[in-house]
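Asker: just the structure for this:
(chains A and B)
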Amino acid sequence: MEATDLFDLTGRVAVVTGAGGGLGTAICAGLAAHGADVALLDVNGEALRESVAGVERTSRRALALKTDVSDEDAVEQAFAEIDRTFGKVNILVNLAFTPIFGPPHELSLADWERALRINLTSYFLCAQQSARRMIAQGKGGTIMNMCSIAGTSAVGRGNFSYSVGKGGIVMLTKEMAIEWARYRIRVNAIQPCQFMTPGLKVRLENPELGPGIRAKFLSGIPLDRIGEPEEMVGPVLFLVSDASSMVTGVLLPVDGGNLAFNAGGTKA
Amino acid sequence: MEVSGVFRLDERVAVVTGAASGIGREIAFTFARAGARVACVDVDRAGAEKTSSEIAAGDGESLFAACDVSQQAPLEAAFRQVDEGFGCVDVLVNNAFVPSHTRPQDIELEEWNRVLDVNVTGYLLCAQAAGRRMIARGAGGSIVNLSSIASSTALGRGNLAYSVSKGAVDSLTRELAIEWAPFGIRVNAVKPCQVLTPGLQTLIDDPKFDSETLLRTWLHGIPLGRLAQPEDIAAAALYLASDAGRMVTGVLLPVDGGNLAMNAGGTVGW
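Answerer: Numbering: from 1, shown residues only, chains lettered A, B, ... in the order given. Sure, this is the predicted structure:
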């Protein structure tokens, strides 16, 4: 086997949720560059334009689907459209999330429920639709759930509902990995630290968090820099390709050393 | 502090290593107040004797034995002293350790070996000596290993050998818990954050470190905003050693003011 074949996705269909976001654009282009056709889902149809262009530049096929992935009917319709266009699903990359911030004592029930529906339930809905197809196809498949360092450690500063959703993704990943192992569907998650997406740029400029927020992020990252979206492509490709054929139920940090590092540790 | 109900250790024999000072000394006192007969083991003979005689002065039952826990023959002799004095072993607290604050690029094999000998092999030898007695007697037992927040997260500032030894303690804890569960021997670990002991004070006073920076860095990582006291650790050790923890084995229990729950780049009380 050629070294590069391990990561080859030629002939496979990948579904990516939150495809119009900062990480989504880089990941969709990366999947296509390695041979996959890509169905791009995002609640913001406009945001998909750049991601679609990135896929088409590689001459792979792109299917843009404006979809609220927290809505079961909408998810079913999107997957029906994927069936009609591509006829199969081999890879799911769950990225969709909404940034809802607020400390536990102030967060409204409505915001809490919305955060969990978009950040957690959407993963379940899309995984279910994908897995049903993968089981019927009988050829296995891979699911990559975007988790976070916040899935296993508390970051404070109003990340409450986000972190709880990510904690849910930890167990969603492990349970699905066990349940679906017999169908050769592998389910893994990535735990990123802060990545320089448009969403993070908004956070960095949030006056409520103060000018020190960037330094605060960096204080927890031994590699001493914020991640670039392109740096997420390699880890995702590893987990969705045959390169990781014996890997399932795993949480892979892509965090510049953050989770290895104690909150009272010394960086240098 | 009065100890009541399921936390009591009446009639039980507890061996506490590193009992001359700091956490081990506090655990020895706490276990004695809970009714245990306490064997104080330490390489520091005078310190072990002092803890032991203070327990006796407080109407507790205690003996002491001086030994380096990484040396098998002296260690076996210490356990024979416990056999002669108390007749059995119900509880072992593995606490004896040597600190290490040397950067990875500078540490020499001799220091590395010394840290692993005491902090890991010492735990094994004591667990073996206690475990064999517990198995032979058939009445179960409880082993509490002092681990650290450093067993699962990196502290930097030259903690390499110490952290590696604590990582090994976590695995030792889990493996022994599985191996000895059929004998009713429970094996657990406590993971403290920085505890205000004479040992920590030595570190604070070490000219190698700026004490203010050190304290600020530690406290930054402890959401509860204070260093732990030896009593905080002794209470957790008592929970795990006593019947209060009778369904608990193979567990690594943080007693860390929230340190391990917190992300290194997290914010407390924004």
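Asker: quick one: residues contacting residue 166.
Answerer: The chain I'm using is chain A. A:119, A:147-148, A:150-151 (C-beta atoms under 8 Å, 6 or more residues apart in numbering or on different chains). The C-beta positions use only the backbone N, C-alpha and C, and glycine is treated the same way.
Asker: that's the wrong chain, I meant chain B
Answerer: Contacts of B:Lys166 by C-beta under 8 Å, 6+ apart are B:119, B:147-148, B:150-151.
Asker: repeat that for A:Ala243.
Answerer: Neighbours of A:Ala243 in contact, by C-beta under 8 Å, 6+ apart: A:6-7, A:237.
Asker: ok so it is a strand residue?
Answerer: No. Counting by DSSP: H, G, I helix; E, B strand; the rest coil, A:Ala243 falls outside a strand, being helix.
Asker: about what we covered before: from the contacts of A:Ala243, list just the buried residues.
Answerer: For the contacts of A:Ala243, a burial check counting by 16 or more other C-beta atoms under 10 Å in any protein chain shown picks out A:7, A:237.
Asker: any part of the helix or strand bottoming out on mean pLDDT in chain A near chain B?
Answerer: Lowest by mean pLDDT, DSSP states H and E among the helices and strands of chain A is helix A:198-204, with a mean of 92. No. Judged by C-beta under 8 Å from any C-beta of the partner chain, helix A:198-204 and chain B are separated, with a smallest distance of 12.3 Å.
Asker: so what secondary structure elements neighbour that helix?
Answerer: On a contact count with 3 or more C-beta pairs under 8 Å, 6 or more residues apart in numbering or on different chains; DSSP states H and E, helix A:198-204 meets helix A:22-33, helix A:213-219.
Asker: now stretch B:193-203: average pLDDT?
Answerer: Averaging pLDDT along stretch B:193-203 gives 96.
Asker: and the contacts of it?
Answerer: A:264, B:21-23, B:99, B:101, B:149, B:209, B:214, B:218, B:221-222, B:227-230, B:232-233, B:254-257, B:259.
Asker: how about the residues of the stretch 151-268 of chain A by chain B?
Answerer: Residues of the stretch 151-268 of chain A lying near chain B (C-beta under 8 Å from any C-beta): A:153-158, A:193-194, A:209, A:216-221, A:257-268.
Asker: looking at the contacts of A:Lys166, which is nearest B:Gly35?
Answerer: Each of the contacts of A:Lys166 was checked against B:Gly35 using C-beta to C-beta; the closest is A:Gly151, at 43.3 Å.
Asker: next, count neighbours for that closest one.
Answerer: 25 (other C-beta atoms under 10 Å in any protein chain shown).
Asker: which residues touch it?
Answerer: A:163, A:166-167, A:169-170, A:189, A:191, A:251.
Asker: which non-adjacent residue is nearest it?
Answerer: Once flanking residues are discounted, A:Gly151 sits nearest to A:Lys166: 3.6 Å by C-beta to C-beta, 6 or more residues apart in numbering or on different chains.
Asker: so where does that neighbour fall, helix or strand?
Answerer: Per DSSP states H and E, A:Lys166 falls inside helix A:160-180.
Asker: how far is that helix from where the chain is centred?
Answerer: Helix A:160-180 sits 12 Å away from the centroid of its parent chain (C-alpha atoms, centre = their mean, to the nearest Å).
Asker: one step back: tell me which of the contacts of A:Ala243 is nearest to A:Ala14?
Answerer: Distance to A:Ala14 across the contacts of A:Ala243 (C-beta to C-beta) is lowest for A:Leu237, with 10.4 Å.
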